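Peer 1: Take this sequence and fold it.
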Amino acid sequence: MLDLPRLKRIRLMKRPLGQVFFGHTVLTPNYNHLPGVDIQVEGIDKIPREPVIYAMNHTDRFNYFPFMYKMWKLKERYITVWVKGKYYENPIVGTFMELTSNLPTVSRGYIITKDFALTVGRRPTEAEYDTLRTLVNRTAAPDEDASTVDTSQIPGELFETRRKILGVDFDPSRQSYADGINTVFDAMMRQFVKLNERSFELGLDLLVFPQGTRSIRLPKGRIGMMEIAMRYKKTIVPVGCNGCDLVYTGSLPIAKKGTIIYRVGEPITYDDLSEFHIDEPFEPFTAEAEYRHRDAFQGAVDVVMERINALLDPQYQFSQDLESTGVRGTSRFI
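Peer 2: Below you'll find the predicted structure:
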């Protein structure tokens with residue numbers, strides 16, 4: 001599983017050996033020896049020489065593999081990817097993610113759901129999850145009142161059991177449940193930010209799916225990517241992925257016959273987003289930063305999503321209600 005100790009032991013490399021090994025042993029034979037796997041990258045020369053953040057739509061489990069492969073083969077550039085914490089539930093997949101220098105994202109939803117499962121022995125119902133998420137969010141927000149949240153239907157052991165929550169001590173005699181969850185989130189996010197900083201120091205490109213979850217149609221973007229991009233003033237390169245869901249149709253990373261087209265858009269520099277600049281220091285992923293600057297983060301990511309949308313074939317463009325067409329509920333987390 002993903003916990004604080006695991007985040008702390010991740011070591012990034014300038015030339016990620018796991019990516020090189022996987023590229024030689026799996027991707028190269030698959031793409032080169034299977035007739036009909038056609039991977040095209042349109043507009044590749046638009047990518048600046050300095051490390052960037054790629055913002056891509058997320059249609060299937062593996063749609064970053066062909067792009068990483070092409071960037072490695074054509075440009076000798078290496079990419080680290082934000083991946084979901086749920087992928088660390090499987091020991092084999094989690095080890096693969098570590099060896100290939102990916103960055104596991106942390107969310108309050110993952111912490112709530114995983115702690116509930118470990119403490120109660122089952123996954124929370126949607127109603128239980130919604131109640132706990134509201135409680136945690138209100139407790140974190142500076143001007144919200146959490147006392148009105150009805151927790152009478154929540155198993156009492158969550159609030160009464162002393163334990164480690166994903167590697168962080170929780171003592172209910174000293175701290176409320178919601179404060180405990182937020183303490184874990186803050187500790188894990190600080191480590192996640194350090195990993196992003198290290199990625200930039202090594203000269204790695206970063207690939208983020210700003211929609212946050214898989215979906216054939218493009219949904220509304222989430223603010224996380226902008227918290228990093230704006231804090232470190234990074235250039236964002238929008239990329240539209242078309243056709244990968246028809247090549248990677250299963251749960252195994254083996255491509256089938258088909259064509260994948262990546263369209264690279266014009267880079268979006270920090271200066272290009274000047275109307276959303278934040279003229280004060282802030283710490284990414286903190287409740288204070290998200291409370292004070294959410295409108296700026298959301299406005300900036302909306303611009304990025306519009307750019308991605310313009311690079312997509314019609315069947316992948318914005319869904320009518322801007323909602324995800326993929327996995328929903330607590331299945332997003334574990």
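Peer 1: tell me which element residue 32 falls in.
Peer 2: Assigned by DSSP states H and E, residue 32 falls within helix 28-33.
Peer 1: So which bits of that helix are buried?
Peer 2: Judged by neighbour count (16 or more other Cβ atoms under 10 Å), helix 28-33 contains these buried residues: 30, 31. Any C-beta I mention is one placed from the backbone N, CA and C, and that applies to glycine too.
Peer 1: tell me the mean pLDDT over it?
Peer 2: Confidence for helix 28-33, expressed as mean pLDDT, is 90.
Peer 1: contacts for the helix or strand following that helix?
Peer 2: Once the chain leaves helix 28-33, the next helix or strand it forms, by DSSP H and E, is strand 37-42. For strand 37-42, contacts defined as Cβ atoms under 8 Å, 6 or more residues apart in numbering pick out 30-31, 66-67, 69-71, 74, 247, 255-264.
Peer 1: Filter those residues down to just the ones in helices.
Peer 2: Using DSSP state H, the subset of those located in helices is 30, 31, 66, 67, 69, 70, 71, 74, 247.
Peer 1: Which entries within these meet the buried criterion?
Peer 2: Using 16+ other Cβ under 10 Å, the buried ones in the ones in helices among the contacts of strand 37-42 are 30, 31, 66, 67, 69, 70, 71, 247.
Peer 1: phi, psi of residue 322?
Peer 2: Phi and psi for residue 322, reported as degrees, to the nearest 10, are phi 60, psi 20.
Peer 1: Let's verify the nearest residue in space to it that is not next to it in sequence: helix, strand, or coil?
Peer 2: Nearest residue to residue 322, sequence neighbours excluded (Cβ to Cβ, 6 or more residues apart in numbering): residue 220, at 4.2 Å. Recorded secondary structure, residue 220: coil (DSSP: H, G, I helix; E, B strand; the rest coil).
Peer 1: I am assuming residue 220 contacts residue 304, so please confirm or correct that.
Peer 2: No: at 11.4 Å, residue 220 does not count as touching residue 304 under the criterion of Cβ atoms under 8 Å.
Peer 1: The two - which one has more neighbours?
Peer 2: For residue 220 versus residue 304, neighbours defined as other Cβ atoms under 10 Å are more numerous around residue 304 (23 against 17).
Peer 1: quick one: residue 80 is in a strand?
Peer 2: Yes: checked against three-state DSSP, residue 80 lies within a strand.
Peer 1: If you drop the residues flanking it in sequence, what lies closest to residue 268?
Peer 2: Of all residues beyond its chain neighbours, the one nearest residue 268 is residue 236 (4.4 Å), with distances taken as Cβ to Cβ, 6+ apart.
Peer 1: In the sheet, which residues pair with that neighbour? Tell me.
Peer 2: Judged by DSSP bridges, the bridge partners of residue 236 are residue 53, residue 268.
Peer 1: can you tell me how far it sits from residue 175?
Peer 2: Distance of residue 236 to residue 175, computed by Cβ to Cβ, to the nearest Å: 38 Å.
Peer 1: Which one of these two is surrounded by more residues?
Peer 2: Counted by other Cβ under 10 Å, residue 236 and residue 175 do not tie: residue 236 has more neighbours, with 28 against 14.
Peer 1: Is the more buried one in contact with residue 56, as I believe?
Peer 2: No: Residue 236 is not in contact with residue 56 according to Cβ under 8 Å; the separation is 10.7 Å.
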